[in-house]
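K.L.:
One predicted model, sequence on top.
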Amino acid sequence: VGDKPQPSKGLVITIDGPAGAGKSTVAKKVAERLGFAYIDTGAMYRAITWLALENQVDLDDRYILTDLALRARIELFGAEGGNKVYLDGHDVTKQIREPMVNAKVSKIATYPELRRVMVAKQREMAQTGNVVMDGRDIGTVVFPDADLKVFLTAGLEVRVQRRYEELWQKGYNPTYKEVEESVVKRDWQDSNRKVSPLRCPSGAVTIDTTQMSIDQVVDKIVRLLNNGRS
Ligand code: DC
């Protein structure tokens, strides 16, 4: 999936890793610290999933889904914009985090035709300047020649605990077991799909965040970028 990317105009930092490793929290902070744009590619797959569910599209029909993705206008507003996600002009920031979307997004992300559309959108978004982009295939497929590639990991227990707390904070009340099952299932699907599976990109720096605070991880990434350029 994905032909060769156009060289990007600005600097690109990619952050990949499994659910709950802290990617979006870390990526957002790195972007704020450096004044880069933050592009949450998971939110893009979520937006299409939400749109498909809303329109009762058959989730087995990859062609209708790809068409939906082609037509969809996804806009991501970074830190100054409150990290909002807009789909065809409507704010869907909250909706795309619903458990129903969590349950279906990995299925939709298996379709190569749909991924090709998303990869093209992601490369286009990065043409605006310096970016931090997080996801599952950013360092492997979307920007293999990025200035800095990071692979974030953490032990399963920590990742489940983080997702559990996040969901409760958002007003959902799942049991720990339910969250664990959903994280394990999504990891398996993301790592075992045929197209662009979750992998540590070649040349990436792996950071295990199990015992680290968010700020420690952010500091490390900023240092890595600066060292790489000095
Ligand atoms: O990062 P997240 O949990 O919001 O991502 C939601 C899903 O989208 C994830 O389970 C897999 C898929 N995804 C993907 O396949 N490729 C990406 N670059 C980003 C997300």
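P.N.:
Thanks, I have it.
K.L.:
contacts, neighbours, all on C-alpha from now
P.N.:
Fine.
K.L.:
what does this protein have sitting close to the ligand?
P.N.:
19, 41-43, 45-46, 105-106, 109, 135-138, 186, 190 (Cα under 6 Å from any ligand atom).
K.L.:
Please list the members of these that lie in helices.
P.N.:
Judged by DSSP state H, those include Thr41, Gly42, Ala43, Tyr45, Arg46, Val105, Ser106, Arg186, Asp190 as members of helices.
K.L.:
Save those residues as a markdown table, and put in pLDDT and neighbour count too.
P.N.:
Shown next, in a markdown table, are those (pLDDT from 0 to 100; neighbours: other Cα atoms under 10 Å):
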| residue | pLDDT | neighbour count |
| --- | --- | --- |
| Thr41 | 96 | 21 |
| Gly42 | 95 | 18 |
| Ala43 | 96 | 24 |
| Tyr45 | 97 | 23 |
| Arg46 | 97 | 24 |
| Val105 | 95 | 22 |
| Ser106 | 91 | 21 |
| Arg186 | 88 | 20 |
| Asp190 | 88 | 25 |
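K.L.:
between those, which is nearest Thr128?
P.N.:
When those are ranked by distance to Thr128 (Cα to Cα), Thr41 comes first, at 15.6 Å.
K.L.:
where's the closest residue to that closest one other than its chain neighbours relative to Val142, distance?
P.N.:
Spatial nearest neighbour of Thr41, excluding adjacent residues (Cα to Cα, 6 or more residues apart in numbering): Gly135 at 5.4 Å. Using Cα to Cα, to the nearest Å, we find Gly135 at a distance of 10 Å from Val142.
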